[in-house]
Structures are given as structure tokens and as C-alpha cells.
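1. Sequence and predicted model, in that order:
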Amino acid sequence: MTTACIFPGQGSQSIGMLAALGERYPIVRDVFSQCSDAIGVDLWALAQHGPEAELNSTINTQPVLLAAGVGVFQAYLSAGGKPPSVLAGHSLGEYCALVCAGSMHLHAASKIVRERGRLMQEAVPEGQGAMAAVLNAELSMLTDICAAASTAGEPVVPANLNAPGQIVISGHANAVTRALEALAAAGVRRAIRLPVSVPSHSPLMRDAADALFEILGGAILQTPTIPVIANVDVELHTDWQQTRERLARQLYSPVRWIETVEKMAAMGVATAYECGPGKVLSGMIKRIAPAMVTHAVGEPDALAAAVA
């Protein structure tokens, strides 16, 4: 049976996350310590005690979730989990996948995602970026509405293609407002502005992507020992130069999660283990590939049941 491990991105964090797993599996705390040492921030304390505003600041959220994804993956293996045949991550989760595949060292990845968060936070002045989740709308209609709502300096685009009927749009706050108004006029009743100010995966991240490309140039990237599916083109990472380019382009390109799950299914994946806090990706997979079995293994009892 072919298996996959998948890694969530921002939005899955919460105060107290992975407390029980860290108690049962010391490797989780060890991974957090390694990431903390790399950037000089006590990430475990931040994840356990907050404050919430600091945990949710993207410059902190990104290294916390890197540690969480890698830590849960290591716990999964130490509990007797079957080594996966393929890995994939949602947005930031792609860095977790690359670390777990041996493509990127944890110490270097910690510094890179910290800088990624800083670049994203500084790319757009506070209040000028926005994202919104749109439910039960066709991608083609949403693409047209975003194009009509965009101007040269105020773009909005479909950013996270999460599941059928679940798409996140991202861009300039004014353009997002115009798109939401147009969606309401078109009869789309469920569109929710998200509590974020960084317009991830939108054209407003191009300058940040250029800077990230240069930072990635200083990292030692290896060919993955486990296949990793890239967000931007749904192809496998095989070449470090290509990985560098893909990770930079990922900042302003949509997360093609629906196609990623479809690719895993085409590769014969029957079971996917979600390595991180929560189970948001498992919920998406149920809508994309209902036959695929999913296990969220961020809690010790769930992990024990999944590997039994």
C-alpha cells in the first residue's frame, strides 16, 4: 500500500499545540529545540504559551509550523509508521516536506522560513493586504471576477485552490473588497474575509520572492530521498536549482492543492498521514479524493491508532 505524509501551512497553529505529543514523544521537543537554536527564539514556549499575537505573526508562525511538521513526522516514524512513498506540503508545509525528504537541513530551513516570514510581512504595508475564503464558487467564475476587480496596482487572484468549492483569494485589500462585492452580486453567499494582512500567493509578493530567491541561493539543497510534490507546478522536486526557483515562485503563485492530491492518488497513494497540528488537510482530501484514507497524527492517541 502506497502512503503519503502531508504537511499543513499557516492557519493550523494554536496555543498549546502538540503538547500531548511532545510529552509522549521527546523527538518533537528535540526538533523544536533545533529550530529554536537556529533562530534564537524559544519556539516551543511560543507554541505552548503565546502570546497569541506573537504566535500568529508570520515571522514566528512559519518556523513554529516548520518545527511542528518535522517533529510530528519524526514522531510518526518513531512510533513505527511506514516510511512514506511521497511527501507534499501546503504552502509553508512544502518546506517541512523538503526537510523530511533530506533535501534541506532543518537548521538552514529554520532560518529560511523565518526570513520568508519577514519578507512577506514587509512586502505590503499594514492594512493593504487581504485574503478571503470563498465557498461553493466555480474557479472559472472566481478567476473572471478577480480579473475584473483587479487594477494595475491593486490585484486580487485565486491563491489557494484547496478543495472543490473551497478557494481562497488574495491581494490588495481594496481589490479583495471589490471581488467580494461582485461575488455577492453573483449570488455567492459564503465568502469570508480572513484575519490576515499578508496577501500570500498573490502578485504583491513578487518583490519578496526575488529576495527569497537570493536567500535560497545560500542554502545547500540536495535531491530529495523521498519524492516531494511542488506547489507551483505539481511536479516532483528533483533538481536543487529548480527547487530554489519553485520555492521563490511559490510566494506569488497559487497553491494547487486539488491537483496535488489528485497526483498522489494517480501515484497510487491509498493513505495519507497529516503531520502537524490539526486536520485541515485531511478535511480537504475527503472532498478531493474520498477513497483516500487520512489520518491526522498530531495527537498521541490518534498516532497510535494510525500506525497500529
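-> Here it is on my side, so go on. None of the values given here were measured: they were computed from a predicted structure.
2. in what helix or strand does residue 273 lie?
-> Taking DSSP states H and E as the definition, residue 273 sits inside strand 269-274.
3. Which residues does whichever helix or strand comes after that strand contact?
-> Counting by DSSP H and E, the element after strand 269-274 in chain order, helix or strand, is helix 280-288. Residues from elsewhere that reach helix 280-288, judged by CB atoms under 8 Å, 6 or more residues apart in numbering: 6-8, 11-12, 90, 93, 162-166, 257-258, 261-262, 272, 274, 292, 294-296. Quick note: C-beta positions are derived from backbone N, CA and C, even for glycine.
4. which stretches of the stretch 201-308 of the chain form helices?
-> Secondary structure of the stretch 201-308 of the chain (DSSP state H, counting those that start in this stretch): helices located at 206-216, 240-250, 257-266, 280-288, 300-307.
5. could I get those helices as a markdown table with mean pLDDT?
-> Formatted as a markdown table, the helices of the stretch 201-308 of the chain follow (pLDDT from 0 to 100):
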| stretch | mean pLDDT |
| --- | --- |
| helix 206-216 | 97 |
| helix 240-250 | 95 |
| helix 257-266 | 98 |
| helix 280-288 | 98 |
| helix 300-307 | 98 |
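6. So which of the contacts of helix 280-288 belong to strands?
-> Secondary structure assignment by DSSP state E places 6-7, 162-163, 166, 272, 274, 294-296 of these in strands.
7. What's the ChimeraX syntax to select whichever of those are buried?
-> To isolate the buried members of the ones in strands among the contacts of helix 280-288 in ChimeraX, using 16 or more other CB atoms under 10 Å:
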select :6,7,162,163,166,272,274,294,295,296
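8. Closest to residue 243 out of the ones in strands among the contacts of helix 280-288?
-> Within the ones in strands among the contacts of helix 280-288, distances to residue 243 taken as CB to CB reach their minimum at residue 7, with 15.7 Å.
9. Please name the spatially closest residue to the closest one (chain neighbours excluded).
-> Setting aside the residues directly before and after it, residue 7 is nearest to residue 93 in space (CB to CB, 6 or more residues apart in numbering), at 3.3 Å.
10. cool, residue 31 as well?
-> In this structure, residue 31 finds its nearest non-sequential neighbour in residue 71, 3.8 Å apart by CB to CB, 6+ apart.
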